[in-house]
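Q: build me a model:
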Amino acid sequence: MIQAADLREWRTCDVVDSGGRKIGSLEAVYVDTATDEPAMATVRVGLPTRRRLVFVPLDDVVVGPGYVKVNYVKAQVKSSPAIGTDDVLPVEDEEVVFQHYGLPYEVGAAGERQLARR
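A: Reported below is the predicted structural model:
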């Protein structure tokens with residue numbers, strides 16, 4: 001498991017898919033609020049004038065020199081729910097991100113969201 005202390009080192013690294021194809025660059029990491037472990041990342045994709053941030057789970061990632069390799073194909077990541085480069089993920093859209101990857105979504109006991117940006 002990747003340690004949360006390493007998160008700052010990942011920023012701006014290339015994110016590549018399971019086949020080694022570049023998807024974009026890592027923008028931010030979101031942790032699971034129940035465990036404080038890295039759960040999702042946002043990846044900056046698109047043309048310079050039309051950039052957006054897409055979400056990708058961090059399960060089974062491999063970190064190498066200058067890259068983070070995710071366990072998903074490029075097409076799936078690029079079609080995931082997106083936000084603007086200056087936006088935050090609205091709480092009502094959080095479950096949609098998990099559904100896109102077929103992952104279970106669980107809100108906290110007090111109704112808090114599952115993801116928090118670090």
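Q: all contacts plus neighbour counts: C-alpha atoms, from now on.
A: Fine.
Q: run a quick neighbour tally on the closest residue to Pro104 other than its chain neighbours.
A: The spatial neighbour of Pro104 that comes closest, neighbours along the chain excluded (Cα to Cα, 6 or more residues apart in numbering), is Phe98 at 6.4 Å. Phe98: 19 surrounding residues under other Cα atoms under 10 Å.
Q: Phe98 - that's part of a helix, no?
A: Yes - remark: Phe98 belongs to a helix, assigned using DSSP: H, G, I helix; E, B strand; the rest coil.
Q: can you map out the strands along this protein?
A: Assigned by DSSP state E, the strands in the chain fall at 14-16, 22-32, 38-45, 52-57, 62-64, 67-69, 82-83, 115-117.
Q: the second one - contacts with which helices or strands?
A: Packed against strand 22-32, as judged by 3 or more Cα pairs under 8 Å, 6 or more residues apart in numbering; DSSP states H and E, are the following elements: strand 14-16, strand 38-45, helix 74-78, strand 115-117.
Q: for the second one, packing partners?
A: Right, strand 38-45. The contact analysis (3+ Cα pairs under 8 Å, 6+ apart) places strand 38-45 against strand 22-32, strand 52-57.
Q: now mean neighbour count too, for those strands, in JSON lines please.
A: Listed next are these as JSON lines, based on neighbours: other Cα atoms under 10 Å:
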{"stretch": "strand 22-32", "mean neighbour count": "20"}
{"stretch": "strand 52-57", "mean neighbour count": "24"}
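Q: quick one on the thing from earlier: surely the residue nearest to Pro104 touches Val107?
A: No - counting by Cα atoms under 8 Å, Phe98 does not reach Val107; the two are 11.7 Å apart.
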